[in-house]
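S.K.: what's the 3D shape of this:
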Amino acid sequence: MKVFVTGGSGYIGSVVVKRLLERGNQVTVFDNLERGHRCNLDPRAESLLKVKPDSVLHFAAYALVGESMGDPLKYFDNNVTGGVHLLKGMVAAGCSRLVFSSSCATYGVPDALPIEENTPQRPTNPYGQSKLMFEQMANWLAETKGFRPTFLRYFNAAGAIPEENLGEGYVRLRVAEAERRQAKHDIRCVEDMVIELLRNSRDAGAKRIYLATSREGDLRTTTILDDGSGVPQDMQERIFEARVTSKLESIHVDRWGVHGRGMALYSVRENAESARVASSAPGKGTSITVVTNATKLAERADQSTWPTLGEDEDGKRTCARGPHNIVRTCCEFALEEYGTCEVYVGSPAEIAATARARVTPSVDGSELLFIDDLSTLPVLERLRAAADARELLSVCKGLGLEMSERTAHRVVSGQIRPLRSVASRMLRKADAPTGPKPVDLYRDRRGLKLSKPDAEEFSRVLAKDFSFIEDRYYVSLVHDPKVRVGKGRITVTFDLEDAD
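M.R.: Predicted coordinates:
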């Protein structure tokens, strides 16, 4: 088939041209390269109209809503007048088959959602109006000249063509828009960077994500650790290069848009003072450390306040109030991914203490005696396996968690208590236990005996009921209530956060 494609070097047109050529079609491209990119143009496509086409695919247009409001005539001249010339050429060439890249902008503000094909078209900007006018012209030619037009009305097309297979499940995308200029706009604040790091861990298959963050002067250091699939040694620098991501079949679509593992790491590094993989290996999780400068990448002044939980109009749990800080970013992500992965956020020392308490080891204590190098263990398990403060300090340094030797001693001695997961704190639920639940028959032989599972269940019930006090007096639990059984009594201790 002979196909004539306008806008064949643009985002959508270049992909269509490639697919048409792969299927053996003869393709002619017409593009002035004003908003397309020559590098996207497949060299197998002819660049001039030399043959009469069997069909026309029309992708060429100005397509920025905001720009159209500032200069409507520019859009009508290009999208409508240019469209008239195209239709005249089709009539002259005897071609009646047309596929037009239209837009959902032709519908304007719909009366109901989802938008259906027969929803009334009432555009609210010149861009949408210009697309609708071309549709109307093509429809009149269908009435008078036997045209057979097809209109594609879409919003926010996304995707890309793999340009190079890098191995280890990674590819480099052929998308000119992903270069440095766009990367600078993708991340506007530290909170944007945090959500991209969280999504990156999730896309690596992580079930537990630990985010450690601290600030000294204008510099903020953020380290994210996970138990995901890990990054091979030869990819640990390349994942920060432009357009490198995981293979397209592993890409997710969530409330923040389209995302694939590694997709935003180039943008992260472009907006940071430094970004690196501190430690990783296939199947052993990853630790990534990013340093940002508050004078260059903005962040919220209040980084300590937690949001309050609410519900949206569909009854879905959401963050109702509170500053849009790092904590809220983690809360929104944790609620969105609830049941998929757990998220913990705190200082480096708190994260180290939490990992030591929460992570389930894959090797038992006897096997640890024969492990000379803890770096052979999964990333998160190294924190738990550290035998003393000096060894913990060494492990933390290798994972990008900075702390003093004194702080390491406090972590090992239990003075720094483990954190609750973000979701459990928001939803007033206790974290799931990480180990077996043996019955302790030696607890207080002289009186009441509570099995450990019953004591833990009782603690969870009390933690849930404690929300009555939390809501009235603005206090928060550090961890679940402690239940102790003595002679003729049961003692329950509620430890509150220091700030309370």
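S.K.: What residues does residue 103 make contact with?
M.R.: Going by CB atoms under 8 Å, 6 or more residues apart in numbering, residue 103 touches 63, 127-128, 131, 153-155. Where C-beta positions appear, they are placed from N, C-alpha and C, glycine not excepted.
S.K.: Would you mind identifying the next helix or strand past the lengthiest helix in the chain?
M.R.: For the chain, the longest helix by residue count, based on DSSP state H, is helix 126-145. Heading C-terminal from helix 126-145, the first helix or strand you meet, by DSSP states H and E, is strand 148-152.
S.K.: Residue 490 - that's part of a helix, no?
M.R.: No. Under DSSP: H, G, I helix; E, B strand; the rest coil, residue 490 sits outside any helix and is assigned strand.
S.K.: burial count for residue 157?
M.R.: 10 (other CB atoms under 10 Å).
S.K.: ugh, typo on my part, it should be residue 458
M.R.: 16.
S.K.: Show the contacting residues for it.
M.R.: 450, 483.
S.K.: Need the three-state assignment for it.
M.R.: Residue 458 is classified as helix under three-state DSSP.
S.K.: ok, now residue 403?
M.R.: On the basis of three-state DSSP, residue 403 is classed as coil.
S.K.: which parts of stretch 376-386 are buried?
M.R.: By 16 or more other CB atoms under 10 Å, the buried positions in stretch 376-386 come out as 377-386.
S.K.: what's the answer for stretch 463-474, then?
M.R.: 463, 466.
S.K.: Between the two ends of it, how far is it?
M.R.: 15 Å (CA to CA, to the nearest Å).
S.K.: Any regions of the stretch 251-400 of the chain where pLDDT drops low?
M.R.: 251-252, 257-263, 365-370 (pLDDT under 70).
S.K.: Could you grab the helix/strand/coil label for residue 398?
M.R.: Classified using three-state DSSP, residue 398 is helix.
S.K.: What residues does the closest residue to it other than its chain neighbours make contact with?
M.R.: Excluding the flanking residues, the one nearest residue 398 by CB to CB, 6 or more residues apart in numbering is residue 279, at 5.7 Å. Counting by CB under 8 Å, 6+ apart, residue 279 makes contact with 286-287, 375, 379, 398-400.
S.K.: Across the sheet, point out what pairs with residue 279.
M.R.: As for beta bridges, residue 279 partners with residue 287 under DSSP bridges.
S.K.: Tell me the spacing between it and residue 307.
M.R.: 31 Å (CB to CB, to the nearest Å).
S.K.: for residue 278, same thing?
M.R.: 29 Å.
S.K.: So the two - more neighbours on which side?
M.R.: Using other CB under 10 Å as the criterion, residue 278 and residue 307 rank with residue 307 on top: 21 against 18.
S.K.: Doesn't residue 269 belong to a strand?
M.R.: No. Applying three-state DSSP, one finds residue 269 to be helix, outside a strand.
S.K.: Name the nearest residue to it, ignoring sequence neighbours.
M.R.: Using CB to CB, 6+ apart, the nearest residue to residue 269 is residue 275, at 4.1 Å.
S.K.: how deep is that neighbour tucked in, by neighbour count?
M.R.: Neighbours of residue 275 (other CB under 10 Å): 22.
S.K.: Against residue 145, how distant is it?
M.R.: 57 Å.
S.K.: How about residue 477?
M.R.: 74 Å.
S.K.: Comparing the two, which shows the higher neighbour count?
M.R.: Higher neighbour count among residue 477 and residue 145: residue 477, with 21 against 12, using other CB under 10 Å.
S.K.: Let me see the contact set for that one.
M.R.: Counted by CB under 8 Å, 6+ apart, residue 477 has contacts 420, 463, 466, 470, 494-497.
S.K.: quick one: stretch 304-313 to chain centroid distance?
M.R.: 20 Å (CA atoms, centre = their mean, to the nearest Å).
S.K.: low pLDDT regions in this structure?
M.R.: 32-51, 156, 158-185, 243, 246-252, 257-263, 365-370, 429-447, 498-500.
S.K.: Just want the most central residue of it.
M.R.: By CA atoms, centre = their mean, the chain has its centre lying nearest to residue 199, at 3.2 Å.
S.K.: wait, doesn't that one sit right on residue 253?
M.R.: No. If you go by CB atoms under 8 Å, residue 199 and residue 253 don't touch, sitting 11.0 Å apart.
S.K.: Point me to the helix or strand that includes residue 89.
M.R.: Applying DSSP H and E, one finds residue 89 within helix 82-93.
S.K.: Name the SS class of residue 222, please.
M.R.: Under three-state DSSP, residue 222 comes out as strand.
S.K.: Quick check: the gap between it and residue 355.
M.R.: With CB to CB as the criterion, residue 222 and residue 355 are 16 Å apart.
S.K.: who's more crowded, these two?
M.R.: residue 355 (28 against 24).
S.K.: Break down the stretch 401-500 of the chain into its strands, ranges please.
M.R.: 482-486, 489-493 (DSSP state E, counting those that start in this stretch).
S.K.: could I get those as TSV with mean neighbour count?
M.R.: Formatted as TSV, those follow (neighbours: other CB atoms under 10 Å):
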stretch	mean neighbour count
strand 482-486	14
strand 489-493	10
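S.K.: Turn those into TSV, including distance to residue 346.
M.R.: TSV is the format used below for the strands of the stretch 401-500 of the chain (distance: least, CB to CB, whole Å):
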stretch	distance to residue 346
strand 482-486	21
strand 489-493	22
